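Participant: Could you work out the structure for the sequence below:
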Amino acid sequence: MLPYETIAAAEAALGRNLTASEALWFRYSARMPDFLLYYHNILFLFIIFTLVPLPLALLELRLPSVLVPYKLQPKVHLPASSFFQCYKDVMRAFLLVVGSLMIISYPSVKLVGIRTGLPLPSAGEMAAQLAVYFLIEDYTNYWIHRLLHGRWGYEKIHRVHHEFTAPIGFAAPYAHWAEVLILGIPSFMGPAIAPGHMITLWLWMALRHVEAIETHSGYDFPLSPTKYIPFYGGAEYHDYHHYVGGQSQSNFASVFTYCDYIYGTDKGYRYHKAHLSKVIYFQLSGKKSCTETLKFQLRKQRGADGENREANGWNYNEKFE
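Facilitator: This is a model prediction of the structure:
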């Protein structure tokens, strides 16, 4: 809640006129308690995980031929009931787990110093803080994700998220309730270390979860603007992790790829990419051998069933690390 009765009082305190965005913020938040502003995140997440994955889901269900050239596992076709069940499970987790976490975490938000008042942060300040948030979350998430692929963590918790061996956008937050809680830690570490304005926190939550949906979309679009972000993993990178499944010791990164590269947990993926490049070359040049043809067909069937994922040494991670 802002400590000013009128815009004139706010301008007198700042010693200047309010910008258009600051005036809008004043009108919206002047009489609204800070905890309600923080709880906006629950509404934003509900809207994001309802609307952002929806266009691709509708196209996949109604006009799948339009998306086939871009689908990473083209042999996998989920029924509408799977999409709807996934959405229901995610919304249930939001209400019971994320909603509860938001409610009890508000004192921490005040403690670390996330502010709601004036002036609003500049675009440069917000960009710098968002960069810090992404880097901190990415590094912390890498190690938590890697630990969850240990035998106990995977069998007890993380296997739920890997039920979708061919991920879809709605499945980005689909996980065991304990994993939802655990992965909330990296998301909050950045704002705790470099606290900013509530608007920056809103934007951080929105961008991070839109990115998660894109990463789990199951499609690799050549003109996606994310391809111009340095070290960005994206859908194709993370799809390999889901495809290999529980045995995967590769591609743990949530956003960027530098941790996998530094710690050597992208070897299987890099071998996979190099091998596919050779197969495509032989396909195009007419010099393919029987073995290369077989591997190429396995790639085309990627995700068709569980057996293909392990057939003929396809788990490059186990074989070549």
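Participant: thought Glu125 was touching Ile199?
Facilitator: No: the pair Glu125 and Ile199 does not pass the contact test of CB atoms under 8 Å, sitting 10.8 Å apart. Using the backbone N, CA and C atoms, a C-beta is placed for each residue, glycine as well.
Participant: which of the two has more neighbours?
Facilitator: Ile199 (18 against 13; other CB atoms under 10 Å).
Participant: Secondary structure class of the residue nearest to that one when sequence neighbours are not counted, three-state.
Facilitator: Distances taken as CB to CB, 6 or more residues apart in numbering place Leu120 nearest to Ile199, at 6.6 Å, with adjacent residues excluded. Per DSSP: H, G, I helix; E, B strand; the rest coil, the local secondary structure of Leu120 is coil.
Participant: Leu24 is in contact with Leu120, correct?
Facilitator: No: look at Leu120 against Leu24 with CB under 8 Å: they stay out of range, at 9.6 Å.
Participant: Neighbour count: the two, which is higher?
Facilitator: Leu120 (20 against 12).
Participant: Spell out for me which residue occupies the centre of the protein.
Facilitator: Ala212 (1.6 Å; CA atoms, centre = their mean).
Participant: In contact with it, which residues?
Facilitator: Ala172, Pro173, Ser254 (CB atoms under 8 Å, 6 or more residues apart in numbering).
Participant: Not counting sequence-adjacent ones, nearest residue to the last one?
Facilitator: Counting by CB to CB, 6+ apart, Asn141 is the residue found nearest to Ser254 once chain neighbours are left out, at 4.3 Å.
Participant: mind listing what that neighbour touches?
Facilitator: Residues counted as contacts of Asn141 (CB under 8 Å, 6+ apart) are Leu183, Pro186, Ala253, Ser254, Val255.
Participant: tell me the phi and psi of the fourth one?
Facilitator: Taking degrees, to the nearest 10, you get phi -90, psi -40 for the backbone angles of Ser254.
Participant: rewinding a little: weed out the non-buried ones from the contacts of Ala212.
Facilitator: Those of those that meet the buried threshold are Ala172, Pro173, Ser254, by 16 or more other CB atoms under 10 Å.
Participant: which one of those residues is nearest Pro33?
Facilitator: Pro173 (27.3 Å; CB to CB).
Participant: what's the average pLDDT for the helix or strand Phe49 falls within?
Facilitator: Phe49 is part of helix 40-51 when elements are defined by DSSP states H and E. Helix 40-51 shows a mean pLDDT of 95.
Participant: what's the next secondary structure element after it?
Facilitator: Using DSSP H and E, the next helix or strand after helix 40-51 towards the C-terminus is helix 54-62.
Participant: what does that next one contact?
Facilitator: Val66, Leu67, Lys71, His77, Leu78, Ala80, Phe83, Ile168, Gly169, Phe170, Ser217, Tyr219.
Participant: The fifth one belongs to a helix?
Facilitator: So that's Leu78. No: Leu78 sits outside any helix when classified using three-state DSSP, being coil.
Participant: that older thread, so which of the contacts of helix 54-62 belong to helices?
Facilitator: For the contacts of helix 54-62, the ones inside helices are Val66, Leu67, Ala80, Phe83, with DSSP state H as the criterion.
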